[in-house]
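Peer 1: Could you work out the structure for the sequence below:
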Amino acid sequence: MKERMVRVEAASKSYDVIVGAGLLARLGVLVRPVAGRARKVLVIHDADLPPALVSSCSLSLTEAELVPVLEPLKASESNKSLAQVERLLGRAASAKLDRRDIVVALGGGIVGDVAGFVAATFKRGLRVIQCPTTLLAMVDASVGGKTGVNLLHEGNLLKNYVGSFHQPELVIASVDALDSLPARQFRAGLAECIKHAMISADWGNLDLWDWTSGAIGPILGRVPETLAELVARNVAVKAAVVGSDERELDESGGRALLNLGHTFAHAIETLPQLSPDGDPAHAPLLHGEAVALGLRAACSTAVALGLLDDAEAVCVRNLLEEAGLPVEVRQLPPVDRILDRMASDKKSLAGSMRLVLPTGRGKARVVRSPEPKAVIRGIESISVH
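Peer 2: Modelled structure (predicted):
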């Protein structure tokens, strides 16, 4: 497979995203050119990754004359915490990493966020290389420099309340790592792909929606070339957004548009009783599942506000369903509780809710203080009683 390269031109740092197959077996070769005087590499990896994959990465680093320090992290929202960051910082200190050394994040979005934050804070900053192994992390979480953890406050788990911007040195997306990804995790990653397609026209990719909807069969079949194109196309959209507004300072658009569906999603994602199919054994929701529900709720809200044609909202629902993602959920708490959780979202400004809402094929906008009745309509559209 021919490797694809996407350049991210952020204000603070520019770097490459390499997309291909068999890349993690060559990790040392790919890391060595950017390693400089590094001697040690703290590899924070998902504890559930196949041991052979972790061993292959470790051997490759050793062959590149780097010393791998392996540290597992069980990927869960409860482990995306300051306590785990402290543990990992202690591991870095015990291994005597210095400021020339590197952190490698090997896993999905939670691992990437935590490892990135460890890199950002240990000795005031080490370089980090993101090696995503889930679709969601490849197309979204590994690119853009957002790192951090959740905050447990007054009994509520507040999503991504603690963190920093810390751009990676390099991103390595090896699509063969998706071969072992459980089907549910794989489908969850498609929610972020659909989100990118819903904003892509504003970022120079006019055909991403049509391409994604047309390729959904080969995508679900995990055809390697199709997956590589899917990842590269989505990373290109993310790179364009990050390049225009790295730190999400543009209140009217920019990077905030990447939050399409996420204010709804964050309000329900950490509710322990929710599952994508009503089976308690499958609770809680995965991030991508919550985003899928958030996308549908955002569409319904936009229709209620007159910003989006109902036919377009139906197209979004249909594509979510084709991707095997939930579009409704049982056991939602009362609407007023969800509204309260949405109002406390970190993207709110001066106590005012901000929603990113779709306005047409591939287009979206930020709406500040949306009409409450329209937001309630959005919540009700995903609720099954």
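
Peer 1: Tell me, please, where in the stretch 101-250 of the chain the pLDDT is lower than the cut-off.
Peer 2: Of all residues in the stretch 101-250 of the chain, none has pLDDT under 70.

Peer 1: Which residue ranges of it form strands?
Peer 2: Here the stretch 101-250 of the chain has its strands, by DSSP state E, counting those that start in this stretch, at 102-107, 127-132, 146-153, 156-165, 170-174.

Peer 1: what's the shortest one packed up against?
Peer 2: Helices and strands in packing contact with strand 170-174 are listed as strand 14-20, helix 27-35, strand 127-132, helix 224-244; criterion 3 or more CB pairs under 8 Å, 6 or more residues apart in numbering; DSSP states H and E. Every C-beta, even on glycine, is put in place using the N, C-alpha and C of the backbone.

Peer 1: Just want the angle from it to helix 27-35.
Peer 2: Interaxial angle, strand 170-174 versus helix 27-35 (axes from the mean of the first three to the mean of the last three CA atoms, to 10 degrees): 160 degrees.

Peer 1: partner strands of strand 170-174, parallel or antiparallel?
Peer 2: For strand 170-174, sheet partners with direction are given as strand 14-20 (parallel), strand 127-132 (parallel), following DSSP bridges.

Peer 1: One more: the longest one?
Peer 2: Using DSSP bridges, the strands paired with strand 156-165 in its sheet are strand 146-153 (antiparallel).

Peer 1: Quick one: distance of the partner strand to the chain centre.
Peer 2: Taking the mean of its C-alpha atoms, strand 146-153 sits 14 Å from the chain's own mean (CA atoms, centre = their mean, to the nearest Å).

Peer 1: Buried residues of that strand, list them for me.
Peer 2: Of the residues in strand 146-153, 146, 147, 148, 149, 150, 151 count as buried by neighbour count, 16 or more other CB atoms under 10 Å.

Peer 1: Distance to residue 89 for these - can I get that in TSV?
Peer 2: Below are those laid out as TSV (distance: CB to CB, whole Å):
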residue	distance to residue 89
146	19
147	13
148	14
149	12
150	17
151	17
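
Peer 1: ok, those vs residue 254, which is closest?
Peer 2: The closest of these to residue 254 turns out to be residue 146 (CB to CB; 13.7 Å).

Peer 1: wait, what's in contact with the closest one?
Peer 2: Residue 146 makes contact with 113, 116, 160, 163, 165 under the criterion CB atoms under 8 Å, 6 or more residues apart in numbering.

Peer 1: please redo it, this time with the cut-off set to 10 Å
Peer 2: Neighbouring residues of residue 146 by CB atoms under 10 Å, 6 or more residues apart in numbering: 109, 112-113, 116-117, 140, 160, 163-167, 242, 246-248, 255, 258.

Peer 1: If burial is judged by neighbour count, which of those pass?
Peer 2: For the contacts of residue 146, burial is judged from neighbour counts taken by 16+ other CB under 10 Å, and it is met by 109, 112-113, 116-117, 140, 160, 163, 165-167, 242, 246, 248, 255, 258.

Peer 1: So which of those residues is the closest to residue 340?
Peer 2: Closest to residue 340, out of all of the buried ones among the contacts of residue 146 and judged by CB to CB, is residue 160, at 18.1 Å.

Peer 1: Find the residue closest to that closest one in space, skipping its chain neighbours.
Peer 2: residue 148 (5.1 Å; CB to CB, 6 or more residues apart in numbering).

Peer 1: my read: that neighbour touches residue 119, true?
Peer 2: No. Using CB atoms under 10 Å, residue 148 makes no contact with residue 119, being 11.8 Å away.

Peer 1: Can you show me the helices along the stretch 151-300 of the chain?
Peer 2: Secondary structure of the stretch 151-300 of the chain by DSSP state H, counting those that start in this stretch: the helices cover 183-199, 208-214, 216-220, 224-244, 262-269, 287-304.

Peer 1: what residues go with each domain of this structure?
Peer 2: 4-181, 192-384 (automatic domain parsing).

Peer 1: Return the residues in contact with the residue nearest to residue 57 when sequence neighbours are not counted.
Peer 2: Leaving aside its sequence neighbours, residue 57 sits nearest to residue 27 (CB to CB, 6+ apart; 4.8 Å). By CB under 10 Å, 6+ apart, the contact set of residue 27 is 41, 43, 56-61, 63-64, 66, 68, 104, 106, 129, 131, 172, 174.

Peer 1: Which pLDDT value belongs to residue 27?
Peer 2: On pLDDT, residue 27 comes in at 98.

Peer 1: likewise the one 4 residues further on?
Peer 2: In the prediction, the pLDDT value recorded for residue 31 is 98.

Peer 1: circling back to that earlier point, the strands paired with strand 170-174: which one's closest to residue 323?
Peer 2: Going by CB to CB, the one of the strands paired with strand 170-174 nearest residue 323 is strand 127-132, 19.0 Å.

Peer 1: returning to that earlier point: which of the strands paired with strand 170-174 is buried the deepest?
Peer 2: Each of the strands paired with strand 170-174 was scored by mean neighbour count; the highest is strand 127-132, a mean of 27, by mean count of other CB atoms under 10 Å.

Peer 1: residues contacting the residue lying closest to residue 30 once chain neighbours are set aside?
Peer 2: Closest residue in space to residue 30, ignoring its immediate chain neighbours: residue 172 at 5.8 Å, by CB to CB, 6+ apart. By CB under 10 Å, 6+ apart, the residues touching residue 172 are 16-20, 23-24, 26-27, 30-31, 57, 104, 106, 129-132, 138, 142.

Peer 1: From what I see, residue 62 and residue 43 are in contact.
Peer 2: No. Applying CB under 10 Å as the test, residue 62 and residue 43 come out as separate, 11.2 Å apart.

Peer 1: quick one: which of these two has more around it?
Peer 2: residue 43 (25 against 13; other CB atoms under 10 Å).

Peer 1: So what sits opposite that one in the bridge?
Peer 2: Assigned bridge partners for residue 43, using DSSP bridges, are residue 70, residue 104.
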